[in-house]
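> okay, here's the prediction I keep looking at, along with the sequence it came from:
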Amino acid sequence: MTPKQMAGMMSSATPEWATPQDFFDKLNLQYGFDLDVCATAENAKCARFFTEADDGLKQEWTGVVWMNPPYGRTIGKWVHKAYESAQKGATVVCLLPARTDTAWWHDYCEKGRHQFVRGRLKFGGSKNSAPFPSAVVVFEPSGLRAEQPPK
């Protein structure tokens, strides 16, 4: 990643925040993800993934899904899709900014299980921590409950 790309990751210049690999690995051990719905070919966390060109919002999400969505204006649409996909049978694990004052948090995240991340994550190999807190939100098919996300 170039210095310019790194600078963009730590500002509002980009809504994309690459998932820290060690953080993902812990969750993957617990859930065994099948699909990454918000990826690039370079940062995909699963063999099966959707890129921006695929438009994950228009695709069907099945199996055990990893979602670290763009953190911009469309994040509410991604969280809504995660919630709806769980209603149709998928398990969707989301890494989200902990924006508990937003409509999308109240409308959807409160219906899933959520665990706040202690401290601030370092996204995309950055040497600096994110300027916001994070949470893991899990949406599961009705009646299914897994263990709490790891801290």
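Received the coordinates, thanks.
> got the buried residues for stretch 31-51?
Using 16 or more other Cβ atoms under 10 Å as the burial criterion, the residues of stretch 31-51 that qualify are 31, 33-39, 43-46, 49-51. For the C-beta atoms, the positions are set from N, CA and C on the backbone; glycine is no exception.
> below-threshold pLDDT in the protein: ranges please.
Regions of the chain meeting the criterion pLDDT under 70 cover residues 1-17, 125, 143-151.
> ranges for the strands of it?
Counting by DSSP state E, residue ranges of the strands within the chain are 35-36, 48-49, 64-67, 91-97, 113-116, 134-139.
> longest helix of this protein?
Among the segments of the chain that qualify as a helix by DSSP state H, the longest is helix 75-87.
> quick one: list the elements packing against that helix.
strand 64-67, strand 91-97, helix 103-107, strand 134-139 (3 or more Cβ pairs under 8 Å, 6 or more residues apart in numbering; DSSP states H and E).
> out of the ones you listed, which comes closest to residue 77?
The minimum distance between residue 77 and the helices and strands packed on helix 75-87 falls on helix 103-107, with 8.5 Å, by Cβ to Cβ.
> state the pair within the buried residues of stretch 31-51 that is farthest apart.
Across the buried residues of stretch 31-51, the longest distance by Cβ to Cβ is 21.6 Å; it joins 31 and 51.
> and the closest residue to residue 83 other than its chain neighbours, how many residues sit next to it?
For residue 83, ignoring the flanking residues on the chain, the nearest one in space by Cβ to Cβ, 6 or more residues apart in numbering is residue 108 at 4.4 Å. Residue 108 is surrounded by 23 other residues when neighbours are defined as other Cβ atoms under 10 Å.
> quick one, what contacts residue 108?
Under the criterion of Cβ atoms under 8 Å, 6 or more residues apart in numbering, the contact list for residue 108 reads 79, 80, 82, 83, 139.
> list just the nearest of those to residue 59.
Comparing every one of the contacts of residue 108 with residue 59 (Cβ to Cβ), the shortest separation belongs to residue 82, at 12.5 Å.
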